[in-house]
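**Student:** Give me the fold of what follows.
(4 chains)
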Number of protein chains: 2
Amino acid sequence: MLHVAEAARVSVATVSALLNGTATVSPELTQRIEQAIRDIGYKRNAIARSLKMGTTRTIGLTVPHITNPFFTDVVSVIQQAFDRAGYAVMLCCTDEDLNTQDEQIRLLLDRMVDGLIVARVGDGGILKDIVEDANVPVVLLDRLCEGVDTDAVVLDNRRAVFDAVTYLIHLGHRRIGYITGTSDISPMHDRMIGYREALQVAGLPVAEELVRSGNFHEIDGYNATMQLLSLHDRPSAIFSANNPMVIGTMKAIRDIGLSCPEDISVACFDDFPWSDVFVPQLTTVAQPVQAIGEQAANLLLDRLAGNRDAPPRKLVLKGRLMIRNSCRPLGAVAQSVSA
Amino acid sequence: MLHVAEAARVSVATVSALLNGTATVSPELTQRIEQAIRDIGYKRNAIARSLKMGTTRTIGLTVPHITNPFFTDVVSVIQQAFDRAGYAVMLCCTDEDLNTQDEQIRLLLDRMVDGLIVARVGDGGILKDIVEDANVPVVLLDRLCEGVDTDAVVLDNRRAVFDAVTYLIHLGHRRIGYITGTSDISPMHDRMIGYREALQVAGLPVAEELVRSGNFHEIDGYNATMQLLSLHDRPSAIFSANNPMVIGTMKAIRDIGLSCPEDISVACFDDFPWSDVFVPQLTTVAQPVQAIGEQAANLLLDRLAGNRDAPPRKLVLKGRLMIRNSCRPLGAVAQSVSA
DNA sequence: AACGCTAATCTAAACGTTTCGAATCTGTCA
DNA sequence: TGACAGATTCGAAACGTTTAGATTAGCGTT
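**Tutor:** Numbers count the residues shown, from 1 in each chain, chains lettered A, B, ... in the order given. Sure, this is the predicted structure:
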């Protein structure tokens, strides 16, 4: 900027004024300055600007796993939204680990991000302090956090699983296996409640041996399914509360020599592009990823626009049961449902 | 830092020296300073530091689509690698558009990223200038760029498709449809060459009506497949050069009332977690995503560590044909291959 | 002719670090 | 005892911006 000012025989203040439109500058100087900028190929240094202004026009986004297609989709939507608003996005993966998450968040704060969108992991950690300090606005994504009172966008997980399990019950299933992630995060907790409620409403017992938990990965789904399938009175249907784990479920079914939906019905949480392409076409609970991402972005952008004092807003969106053909009716006359 | 210095009755220079270990500071002052830091809850401002040091410990990463699982995986690996090295990653999606890409890159450079990893789009654009200015190191990912001479990690695309198509030919297929993305990026260009070479080597004609191109999206694959399948002499196999497009291919096959592999064989580029879970299990060309991501990160980290003058390095990795059961042998006696 | 008003421009002080060279202190050696 | 070396510590300039307040110029009024 100094060089530009010199070349245009002008003070840096004038250059700054022109660039930011904070004061009128005469046509003559405008012309000289613009010429100098072109000649020199000057680019304004955003770091210096950030230092002075106290804002970086950058936000931090942390997710447990970017390879989980649910998060991939949401990240993509959020990225686009902030891009449109002239913000950059720093992406971090916390790998379902609280320490990693705390470290990542610290890293982001050191870099003075203007705001944070967090699909949290573990319980509390540094997040609580940050929200309480209220220096940088935080939006929780997908997962609420005990004792952390801030903007959030989540799904009505209880209801979504309730509907899915009720659907299985209507098909005639009585013993429904349930595979969950670690239950210290709100969606897993709520989904489990949905499962139990659906059984209760239908007057069915909740058999604890039918509930297995794993750590969100394919291998966990595989192991859990193996256990369920080797029960002496094995379930006729399995609901998997997480997308990567359902891959493990399908593999386990195959490896054990059964097939879906003939021998066992399967439904799961989170839709994905492939779910209706192959056989069986998976019955899933689809989350409105577009809306989730956009709402989260809007909440944060609103805070960034200055609306700091409004009370925390919690948006609860609805899931949608995508009925395909991985679940088979069970009854006196077992009629096939597959395509 | 000023506050810390005051609280510890010390100069800011000493605090800085302690924090960076750039000079020895006496045990007594060390103790006072550390106490003050704890009391105040001081965090070093990375922006001010960046301004002074001229480095942000942040890199920029641009990909055409983060929802394409190939890129998702690579992004994930790169993110982890830089995380370990203490760098943050700014992620941008260019949406297969050159203008968007140029804009994103400008945004990143304004923010003074220390380096760039680019899965480019379009041809040249601002990228060429940046590489020539040699101010920030650039690593090309997945896609080379005409006239841009810099570090790069790519696949031997020609060979990978050659192998896959040769496999189809060995199975007895003579009319093999080929669906490509827009050919202005190197992988698509090279893959097409691999296709043609495989046909030539086998002494088969290259029928232009069997080659269709689309814009990387599911819908493009769908349309291309529809066209191929309505040919009066339709192909017995289809190779899709891109992963999202193969979804469209499978849907088109289903919608037209055919089935894979009985009526038509399908193979495609890029493996993904679901490819061997459902029926048919897709035969794919798997890219070594882990290696690609790590190598790209290493190339850039090496430059960032100061090795600026080494000549551009181009790493070419090998794909791997994952033979499953979406391709069926064609012959006098058509024997089934499906599981 | 002196005045005040407006518009345009500039000067200089911040923002929070790092770092160079100078200043101080301690103890050692001639 | 005084000079010197080494170890600590400090003062102040710099990084590239923004911005409040000062300065200047132009011009119509009285």
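
**Student:** going forward, measure contacts and count neighbours with C-alpha atoms only.
**Tutor:** Will do.

**Student:** Contact partners for A:Asn215?
**Tutor:** Counting by CA atoms under 8 Å, 6 or more residues apart in numbering or on different chains, A:Asn215 touches A:Gly181, A:Thr182.

**Student:** List phi and psi for it.
**Tutor:** The phi and psi values for A:Asn215, taken as degrees, to the nearest 10, are phi -110, psi 40.

**Student:** Could you tell me the model confidence score at it?
**Tutor:** Among the per-residue scores, A:Asn215 shows a pLDDT of 89.

**Student:** which stretches of the stretch 1-150 of chain A form helices?
**Tutor:** For the stretch 1-150 of chain A, the helices identified by DSSP state H, counting those that start in this stretch occupy A:2-7, A:12-20, A:27-40, A:46-53, A:69-84, A:98-110, A:126-133, in order along the chain.

**Student:** residues making contact with stretch A:21-32?
**Tutor:** Counting by CA under 8 Å, 6+ apart, the neighbours of stretch A:21-32 from elsewhere in the structure are A:Ala8, A:Val10, A:Thr14, A:Ala17, A:Leu18.

**Student:** Please name the nearest non-neighbouring residue to A:Leu155.
**Tutor:** Here the nearest residue to A:Leu155 in space, its sequence neighbours aside, is A:Leu317; by CA to CA, 6 or more residues apart in numbering or on different chains that works out to 4.7 Å.

**Student:** The one you found touches A:Arg159, doesn't it?
**Tutor:** No. Look at A:Leu317 against A:Arg159 with CA atoms under 8 Å: they stay out of range, at 10.4 Å.

**Student:** Pick out whichever of these two has more residues nearby.
**Tutor:** Comparing A:Leu317 with A:Arg159 by other CA atoms under 10 Å in any protein chain shown, the one with more neighbours is A:Arg159, at 20 against 17.

**Student:** How much space separates that one from A:Asp142?
**Tutor:** Per CA to CA, to the nearest Å, A:Arg159 is found 15 Å from A:Asp142.

**Student:** now A:Trp274
**Tutor:** 22 Å.

**Student:** A:Glu146 against A:Gly125, yeah?
**Tutor:** No. The pair A:Glu146 / A:Gly125 is not scored as a contact, 10.8 Å apart, by CA under 8 Å.

**Student:** Nearest to DNA strand C: which residue in the stretch 51-200 of chain A?
**Tutor:** When you check the stretch 51-200 of chain A against DNA strand C by CA to the nearest atom of the strand, the closest residue turns out to be A:Lys52, at 3.5 Å.

**Student:** Count the residues that sit near A:Leu2.
**Tutor:** By other CA under 10 Å, the residues close to A:Leu2 number 12.

**Student:** For it, list the residues it contacts.
**Tutor:** A:Leu2 makes contact with A:Ser11, A:Val12, according to CA under 8 Å, 6+ apart.

**Student:** Ok, A:Ser186 next?
**Tutor:** A:Ser186 touches A:Arg143, A:Leu144, A:Cys145, counting by CA under 8 Å, 6+ apart.

**Student:** Kindly recompute the last result at 7 Å.
**Tutor:** For A:Ser186, the residues meeting the contact criterion (CA atoms under 7 Å, 6 or more residues apart in numbering or on different chains) are A:Arg143, A:Leu144.

**Student:** phi, psi of it?
**Tutor:** phi -60, psi -40.
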